[in-house]
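**Q** have a look; sequence and predicted model below, questions after that.
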Amino acid sequence: MKYNMKNIFRVATFAVCGAMFIASCTDDWDDHYDAVTQTGTGGTTMAYLEAHASDFAEIIKAAGYDKKLSSSQVLTILAPQNDSFNKDELLRQIASGDKEEVVERFLENHILLYNVSMNNDEKTVSLLNEKKIHFGTLADKQIAGVDVLQENVVCNNGIIHILKDDITYKSNVMEQLGDNYKKYLAENGLEDSNDIISLYSFLRLYDADSLDEHRSVEFGQDEYGNVVYSDSVMIRNNTILRSLNAYIYREDSSYWAIDPGVDAYQKLYNEAKTYFNFNDAYAEDVVRRDSMSRYFAQYNIIREFFFNANVNQADAVAETTKGDSLVTTTFNRWNWKHHNYKNPFQAGGILGNYQDKQECSNGYVFTWPAAETPAEGTGETGEESETPVSADLPITVYDAFFTEQKIEANPSTLVPSAGRDKASEEWTNTTTSRQTYNGTSNDSVSNGYYKIEGVSPVSKPVVSFKLSNTLSGTYDIYIVMLPWNVDNPDVDPAAMIPVKFKSYLYEADEKNVIPYLNNSENVHNFTPTGYVVYDDPTRVDTIFVGTHTFKYCYQYTSASSSYLKLSLERSTSERTQGKFDNKYLLDFIYLVPHRDDVDPTQRFKRQEEATEETPETGRSEE
């Protein structure tokens, strides 16, 4: 057999160098611990703790954690000295079934994975519960702000540092919401129950933690062949919060949250639930309908409670945000008017009246003060409550979910008519998302429009459009009309004449049946004594049709929803005199949540008209 002498020499050289390197590293390691180690032991970390930090060791044993510290797994223990923490309270919690909480909030708040010695370099390290702490130097001898009494005790399975006090557990945002909820229960003598309507009790229903098999340490197998882990690392997850992009349970994130308190949350919830009244098409089971109403009401209000501090460039100490604006985690720049709060810390701002600013391991929780007098209806049933509710939040259903609905006039929403009322319908899809007409923002065309025209000069065309995604609330309904020359500039404006309508709204009943007769109780006639008139056909105009309260919610369902019927009207004399036309262009239908303090007929009044009549107010911002 032939041997390559160059390879033999190379291997021999590597072997010698490797031995020299190992010897050198051993010398360096020994020198390191000769310099910084005060005590060395030949035993395990658990054995040393039993002799020198017996209080901490007793908690470890009571929680069944001693096997881990007696194993070969290398850990760094930050052991508080005896009498520095409430040992009896921790033992009581373990005996009462709260062992997991003691493990996470106390034991794993004092343990790190692998060897971490104190030297001349300060660093940030992660505890077993994933909290991050500051690890000081030999010069300052502090860990997480706690004085170190004895550092770098070397054991055969790790290192121990003896601390003067225990390390205070700092909750993350999700945990702080839970702490606030538990405090509320204790102060009011209540037992925990998922029937209690609160922010935290709703969120925790959707916890979906899972095992991280790659980071967990296998211990062996049970009698059924299942893998058993001596150190289980869990991946935190919550499906609701994930859908809101609000990862408030992650330690590597930075979030703000609003905690309105249980009573104020219930007050907002009771109002929100009225907008999610589903009919039998959604669920024939009343219990299921109530359950879904409860879910969607809460899901929609909590969208206003969470903020990504990094996205907002938010500084909780200085109370500043990017551009003096605070956007929620559900903010969409294409719908910028919603989930966007200006001047958040000023009076009347979304955070202008907070009571407490609770610092967390990954952000802040802002709580609200209690009102001086009790408020009615803080429970789900609306019964009177003797418990004061928080001061009114600067968050309303109009901010959270009860917002305007824009229903495009296009083939998917059109319901054609037949017979003598049949209309000629021609849809034009604009090539851009907004087409400007006459060069002004008031004169704009959205994504397509319909040309509606009578099939003969004497016909009165009728068309209907589906109204989808409405809530069981009250809306002001508008139609946006376009001039006939919007796509044909050669049409003489003098030849364009007004159009007159009657309008009806057909709403499904409790069985999701759409009525077809005008005398049905589910048909609302907006024009029983008059007409809706498009009186200036030379411009784009938003015309008020009427106000309607929908009985049922049609969001999140495949129910038939409702229809808006437009019936063009003109008499023979009006036709022959050229007073009204039988053709028009419809851009879209606009549903705006009704407000008692806003006159719907004046909401979209043009600036020049508003200036003539009310110069001090101008056009409504809505």
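**A** Done, it's in. Numbers count the residues shown, from 1 in each chain.
**Q** buried residues in the helix or strand Tyr563 falls within?
**A** In this assignment (DSSP states H and E), Tyr563 forms part of strand 562-568. Neighbour counts using 16 or more other CB atoms under 10 Å place Ser562, Tyr563, Leu564, Lys565, Leu566, Ser567, Leu568 of strand 562-568 among the buried residues. All C-beta atoms are positioned from the backbone trio N, CA, C, and that covers glycine.
**Q** got it, and stretch 150-161?
**A** For stretch 150-161, by 16+ other CB under 10 Å, it's Gln150, Glu151, Asn152, Val153, Val154, Cys155, Asn157, Gly158, Ile159, Ile160, His161.
**Q** now those residues in TSV, with distance to Ser417?
**A** TSV is the format used below for the buried residues of stretch 150-161 (distance: CB to CB, whole Å):
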residue	distance to Ser417
Gln150	89
Glu151	86
Asn152	87
Val153	88
Val154	89
Cys155	87
Asn157	83
Gly158	81
Ile159	83
Ile160	84
His161	83
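**Q** possible to save those residues as JSON lines with distance to Ile196, pLDDT and secondary structure?
**A** Putting the buried residues of stretch 150-161 into JSON lines (distance: CB to CB, whole Å; pLDDT from 0 to 100; DSSP: H, G, I helix; E, B strand; the rest coil) gives the following:
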{"residue": "Gln150", "distance to Ile196": "47", "pLDDT": "95", "secondary structure": "strand"}
{"residue": "Glu151", "distance to Ile196": "47", "pLDDT": "94", "secondary structure": "strand"}
{"residue": "Asn152", "distance to Ile196": "49", "pLDDT": "95", "secondary structure": "strand"}
{"residue": "Val153", "distance to Ile196": "47", "pLDDT": "95", "secondary structure": "strand"}
{"residue": "Val154", "distance to Ile196": "50", "pLDDT": "94", "secondary structure": "strand"}
{"residue": "Cys155", "distance to Ile196": "47", "pLDDT": "92", "secondary structure": "strand"}
{"residue": "Asn157", "distance to Ile196": "45", "pLDDT": "89", "secondary structure": "coil"}
{"residue": "Gly158", "distance to Ile196": "43", "pLDDT": "93", "secondary structure": "strand"}
{"residue": "Ile159", "distance to Ile196": "45", "pLDDT": "95", "secondary structure": "strand"}
{"residue": "Ile160", "distance to Ile196": "43", "pLDDT": "96", "secondary structure": "strand"}
{"residue": "His161", "distance to Ile196": "42", "pLDDT": "97", "secondary structure": "strand"}
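**Q** okay, domains of the protein per the record?
**A** 1-32, 39-163, 173-400, 405-613 (automatic domain parsing).
**Q** quick one: distance of the third one to the chain centre.
**A** Between the mean C-alpha point of domain 173-400 and the mean C-alpha point of its chain there is a distance of 8 Å (CA atoms, centre = their mean, to the nearest Å).
**Q** mean confidence for it?
**A** The average pLDDT within domain 173-400 is 81.
**Q** so Glu104, which of the three states?
**A** helix (DSSP: H, G, I helix; E, B strand; the rest coil).
**Q** now do Phe501
**A** Going by three-state DSSP: Phe501 is strand.
**Q** neighbours around it, how many?
**A** Here the number of neighbours of Phe501 (other CB atoms under 10 Å) works out to 24.
**Q** the chain should start at 32 in everything you say after this.
**A** Yes, from this point I'll number from 32; that puts the last item at Phe532.
**Q** OK, contacts around it?
**A** Applying CB atoms under 8 Å, 6 or more residues apart in numbering, we find Phe532 in contact with Thr558, Tyr562, Val563, Val564, Tyr565, Leu597, Ser598, Leu599, Glu600.
**Q** so which of those residues is the closest to Tyr372?
**A** Val563 (36.3 Å; CB to CB).
**Q** so how far is Asn441 from the nearest residue to the closest one once chain neighbours are set aside?
**A** Distances taken as CB to CB, 6 or more residues apart in numbering put Phe532 closest to Val563, at 4.4 Å, once the chain neighbours are dropped. Plainly put, Phe532 is 20 Å away from Asn441 if you go by CB to CB, to the nearest Å.
**Q** try Pro400
**A** Distance from Pro400 to Asn441, by CB to CB: 49 Å.
**Q** and the nearest residue to Ala239 once chain neighbours are set aside, how many neighbours?
**A** The shortest distance from Ala239 to any non-neighbouring residue, by CB to CB, 6+ apart, is to Asn268 (4.6 Å). Neighbour count for Asn268, taken as other CB under 10 Å: 15.
**Q** isn't Asn268 right up against Asp238?
**A** Yes - the pair Asn268 / Asp238 is scored as a contact, 7.4 Å apart, by CB atoms under 8 Å.
**Q** related to what we said a few turns ago, against Thr444, how distant is the residue nearest to Val563?
**A** Using CB to CB, which is the criterion applied here, Phe532 is 17 Å from Thr444.
**Q** how about the strands in the stretch 32-181 of the chain?
**A** Here the stretch 32-181 of the chain has its strands, by DSSP state E, counting those that start in this stretch, at 70-71, 106-111, 142-144, 154-157, 163-166, 173-174, 177-186.
**Q** so which of those strands is nearest Ala328?
**A** strand 163-166 (36.6 Å).
**Q** other SSEs contacting the closest one?
**A** strand 154-157, strand 173-174 (3 or more CB pairs under 8 Å, 6 or more residues apart in numbering; DSSP states H and E).
**Q** quick one: contacts of it?
**A** Counting by CB under 8 Å, 6+ apart, 147, 149, 153-158, 173-176, 198, 282, 392 sit against strand 163-166.
**Q** now do 10 Å
**A** For strand 163-166, the surrounding residues in contact (CB atoms under 10 Å, 6 or more residues apart in numbering) are 107, 109, 140-141, 143, 147-150, 152-158, 171, 173-177, 179, 192, 198, 201, 282-283, 392-393.
**Q** of those, buried ones?
**A** 107, 109, 140-141, 143, 147-149, 156, 158, 173-175, 177, 179, 192, 198, 201, 282, 392-393.
**Q** ok, back up a step: residues in a beta bridge with the residue nearest to Val563, which ones?
**A** Val563, Leu599 (DSSP bridges).
**Q** distance check, it against Lys596.
**A** 10 Å.
**Q** nearest to Ala303, of the helices and strands packed on strand 163-166?
**A** strand 154-157 (39.3 Å).
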